[in-house]
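Asks: the following block contains a protein sequence and its predicted model.
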Amino acid sequence: MMQGQWITKSGGKMVEGSKPGLKISVPRFDNFAIIANYARTLIGRFMNPSKQNMKMMLFMLPRIWQVEGRVVGTDLGLGRFQFAFDQEEDIIEVLRMEPFHFDN
């Protein structure tokens, strides 16, 4: 099947039909500021969310990393989290501390 086609049911049989193409224009915009806002952000997810505690992880990892007060942790839902660092040096140092695991 090609793009712009779909299968419909007609009289108990599956029939391939064609769909008129829609053209959507997206205006150009400068996303540099958006990218810059997330330059010092670390996003991750739990590999075993039924056994791991998000609140405890958000509380303990800044202590383990020794960046307490200079990073903000956020629960993004579905076992995902985000840490926003104040300084680029802090996130670089944290990324050097591999492997990355918490609570099994």
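Replies: Happy to help now that I have it. Predicted model only: the values in this text are computed from it and were never measured.

Asks: just the CA coordinates of the helix or strand where residue 92 lies, formatted as PDB?
Replies: Using DSSP states H and E, residue 92 sits in helix 88-95. Only the C-alpha atoms of helix 88-95 are listed here, as PDB (Å, rounded to 0.1, in the frame of the first residue of the first chain):
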ATOM      1  CA  GLU A  88      26.900  23.100  32.800                       C
ATOM      2  CA  GLU A  89      29.900  21.900  34.900                       C
ATOM      3  CA  ASP A  90      27.600  20.000  37.200                       C
ATOM      4  CA  ILE A  91      25.900  18.000  34.400                       C
ATOM      5  CA  ILE A  92      29.300  17.200  32.800                       C
ATOM      6  CA  GLU A  93      30.600  15.900  36.200                       C
ATOM      7  CA  VAL A  94      27.500  13.800  36.700                       C
ATOM      8  CA  LEU A  95      27.800  12.300  33.200                       C
END
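
Asks: which strands or helices does that helix pack on?
Replies: Contact partners of helix 88-95 among helices and strands, from 3 or more CB pairs under 8 Å, 6 or more residues apart in numbering; DSSP states H and E: strand 41-45, helix 54-65, strand 80-85. No exception for glycine: its C-beta is placed from N, CA and C like everyone else's.

Asks: center of the chain - which residue?
Replies: Nearest to the mean C-alpha position of the chain, by CA atoms, centre = their mean, lies residue 43 at 6.1 Å.

Asks: name the nearest residue to it, sequence neighbours excluded.
Replies: Nearest non-adjacent residue to residue 43, counting by CB to CB, 6 or more residues apart in numbering: residue 82, 5.0 Å away.

Asks: what's the answer for residue 42, then?
Replies: Leaving aside its chain neighbours, residue 42 sits nearest to residue 83 (4.5 Å; criterion: CB to CB, 6+ apart).

Asks: having no further points to raise, I will conclude here.
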